[in-house]
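dropping a prediction and its sequence here:
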Amino acid sequence: MTLKISNSVYLDINEIEFSAIRSQGAGGQNVNKVSSAVHLRFDISRSSLPDFYKEKLLSLKDSRISKSGILVIKAQRFRTQEKNKTDAIDRLLELIEKSTKVVKKRKLTRPTKASKVKRLDGKSRRSKLKESRSKIAF
């Protein structure tokens, strides 16, 4: 099975390693018996992703990525292991998409003359209003 990242980039599900662990927090009677949380491990450097994706992922300042280039996502939001597994995969895909999104550089602009006049006019109007509220000295 493959996961679609973009129109031309796919990720093989076999490159992702899952391990079931016990969830944290309150859980009732089954808390010590059921391993519903999931650890997703993804080795970025050994993956079949293109080099551009690998570089972007490894350059992220994310605490989930180790120095050796292994991404670990812990999913424990849901009560079932299957839902936590799909949640972890969704979060992995979201992280990959977020890391490769190119941010458009902002073009510097200057305020127009009319906007400057309008701003100064508003300031002087406000100043006169506040001045009219003060006590009159004889």
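Arrived safely.

and stretch 32-45, what's buried?
Buried residues in stretch 32-45, counted by 16 or more other Cβ atoms under 10 Å: 34, 36, 37, 38, 39, 40, 42, 44. From N, CA and C alone the C-beta is placed, and that goes for glycine too.

of the residues you listed, which one scores lowest on pLDDT?
Here the lowest pLDDT out of those sits on residue 34, with 76.

secondary structure class for it?
For residue 34, the secondary structure call by DSSP: H, G, I helix; E, B strand; the rest coil comes out as coil.

per-residue confidence for residue 121?
Each residue has a pLDDT score; the one for residue 121 is 97.

relative to residue 115, how far out is it?
As judged by Cβ to Cβ, to the nearest Å, residue 121 and residue 115 stand 11 Å apart.

and the helices in this protein, which stretches?
Counting by DSSP state H, residue ranges of the helices within the chain are 51-58, 81-100, 113-133.

and the first one, what does it pack against?
If I follow you right, that is helix 51-58. Applying 3 or more Cβ pairs under 8 Å, 6 or more residues apart in numbering; DSSP states H and E, one finds that helix 51-58 contacts helix 81-100.

and the angle for the helix it packs on with helix 51-58?
Angle of helix 81-100 versus helix 51-58, following axes from the mean of the first three to the mean of the last three Cα atoms, to 10 degrees, is 100 degrees.

buried ones in helix 81-100, by neighbour count?
Neighbour counts over helix 81-100 (16+ other Cβ under 10 Å) mark 81, 84, 85, 87, 88, 89, 91, 92, 95, 96, 99, 100 as buried.

rewinding a little: out of the buried residues of stretch 32-45, list just those in strands.
Taking DSSP state E, the ones among those that sit in strands are 37, 38, 39, 40, 42.

closest to residue 3 out of the residues you listed?
residue 42 (10.9 Å; Cβ to Cβ).

the closest one against residue 66, yeah?
No: the criterion here is Cβ atoms under 8 Å, and residue 42 misses it with residue 66 at 10.9 Å.

turn the buried residues of helix 81-100 into CSV, including pLDDT and distance to residue 61.
CSV is the format used below for the buried residues of helix 81-100 (pLDDT from 0 to 100; distance: Cβ to Cβ, whole Å):
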residue, pLDDT, distance to residue 61
81, 86, 30
84, 91, 26
85, 90, 27
87, 93, 23
88, 92, 21
89, 91, 23
91, 91, 17
92, 90, 17
95, 89, 12
96, 87, 16
99, 84, 11
100, 83, 15
